[in-house]
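Chemist: My questions concern the predicted model and sequence given below.
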Amino acid sequence: MLDLWKGFWSDERGQGLVEYVLIVALVAIGLTAVLILFRNRIGGALNTAATDLSTAPSTPYATT
C-alpha cells in the first residue's frame, strides 16, 4: 500500500492540465467580479446604444 501511495504522489502526468484549469478558473472569477462591479455602467451603455439605434433614421442619406 505504501508503494502505491508513493507512486501516486510522485506521478506528475496531470500537473500541466491542473495548472491550466486553475488559470482558467482564476480568469473566470476575475471576469465575473469585473462584470458585477461595472454592471450598472455596462447596462447604461447598452441602453444608450439601443436608444440611439432605435431613433436612427431608416435611410442614412436624404434623397432630394
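Modeler: Structure received.

Chemist: From Arg13, how far out is Val27?
Modeler: Noted for Val27: a distance of 24 Å to Arg13, by C-beta to C-beta, to the nearest Å. C-beta: built from backbone N, CA, C; applies to glycine.

Chemist: Settle it for me: which of the two has more neighbours?
Modeler: Val27 (10 against 6; other C-beta atoms under 10 Å).

Chemist: In contact with the more buried one, which residues?
Modeler: The contact partners of Val27, taken as C-beta atoms under 8 Å, 6 or more residues apart in numbering, number zero.

Chemist: Quickly find the element holding it.
Modeler: Counting by DSSP states H and E, the element that carries Val27 is helix 15-37.

Chemist: Mind pulling up the pLDDT for Ala62?
Modeler: Looking at Ala62, its pLDDT stands at 67.

Chemist: do Arg39 as well
Modeler: For Arg39, the pLDDT comes out at 93.

Chemist: For it, give me phi and psi.
Modeler: Main-chain dihedrals, Arg39, degrees, to the nearest 10: phi -60, psi -40.

Chemist: quick one: it and Leu26, what's the gap?
Modeler: Distance from Arg39 to Leu26, by C-beta to C-beta: 21 Å.

Chemist: Also Gly7?
Modeler: Remark: distance between Gly7 and Leu26 (C-beta to C-beta) = 30 Å.

Chemist: One more: Thr51?
Modeler: The gap separating Thr51 from Leu26 is 36 Å, by C-beta to C-beta.

Chemist: same deal with Ala33?
Modeler: Separation of Ala33 from Leu26 (C-beta to C-beta): 11 Å.

Chemist: and what of Trp9?
Modeler: Trp9 is 25 Å from Leu26, by C-beta to C-beta.
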